[in-house]
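Visitor: got a predicted structure here, sequence first:
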Amino acid sequence: MKQHLVLGLIATSLLSACANMPTPSSQITGSYTSGLKYEEYSCQQLTSEINSLARRENQLVIAQEQRVKSSQMQAFWLGYGTGDGIEASELANVRGEKEAVRTAIETKNCATS
């Protein structure tokens with residue numbers, strides 16, 4: 001009986017280690033963003049904007065992956081992770097903005113290099 005209790009506690013702790021883990025950056029999709037604010041942008045402005053968003057996206061991906069790693073370590077020692085933070089939310093917003101800019105670039109038939 002004691003052996004079953006110990007096995008049950010081990011199984012429970014292993015399962016709970018997955019609780020509140022942050023989302024890997026590859027699984028964070030862009031949130032909806034209206035493209036209306038980009039209608040008046042020139043092709044040059046759109047290119048500049050998408051480059052700026054790409055740089056910010058890279059920064060956020062690195063930050064989110066660091067959060068995943070530190071959360072895995074915390075989960076190993078404490079049994080629970082840190083969950084998603086502001087990085088995940090901002091990454092979703094930036095990816096949504098990038099999609100809106102891409103749509104505006106396609107609509108305006110801008111030449112991209």
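Guide: Structure's in. What do you need?
Visitor: please make it C-alpha for all contacts and neighbour counts, starting now.
Guide: Will do.
Visitor: so for the top helix by length along the chain, what gets flagged as buried?
Guide: For the chain, the helix with the greatest residue count under DSSP state H is helix 43-78. Within helix 43-78, the residues that qualify as buried are 43, 46-47, 49-50, 53, 57, 60-61, 63-65, 67-68, 71-72, 74-75, counting by 16 or more other C-alpha atoms under 10 Å.
Visitor: hmm, who's touching the next helix or strand after that helix?
Guide: Using DSSP states H and E, the helix or strand that directly follows helix 43-78 along the chain is helix 86-107. Applying C-alpha atoms under 8 Å, 6 or more residues apart in numbering, the contact partners of helix 86-107 are 23, 25, 28-35, 38-39, 43, 46-47, 49-50, 53-54, 56-57, 60-61, 63-64.
Visitor: run the chain-centre distance for the longest helix of the chain.
Guide: Taking C-alpha atoms, centre = their mean, to the nearest Å, one finds helix 43-78 lying 7 Å from the centre of the chain it belongs to.
Visitor: show me what it is packed up against.
Guide: Counting contacts by 3 or more C-alpha pairs under 8 Å, 6 or more residues apart in numbering; DSSP states H and E, helix 43-78 is packed against helix 86-107.
Visitor: relative to helix 43-78, how tilted is the helix it packs on?
Guide: 150 degrees (axes from the mean of the first three to the mean of the last three C-alpha atoms, to 10 degrees).
Visitor: and helix 86-107, how far out from the chain middle?
Guide: From the chain centre to the centre of helix 86-107 is a distance of 12 Å (C-alpha atoms, centre = their mean).
Visitor: for the record, mean pLDDT for it?
Guide: Per-residue pLDDT over helix 86-107 has a mean of 95.
Visitor: do the same with stretch 66-74
Guide: pLDDT averaged over stretch 66-74 gives 85.
Visitor: give me the contact list for stretch 34-45.
Guide: By C-alpha under 8 Å, 6+ apart, stretch 34-45 touches 46, 100-101, 103-105, 108, 110-111.
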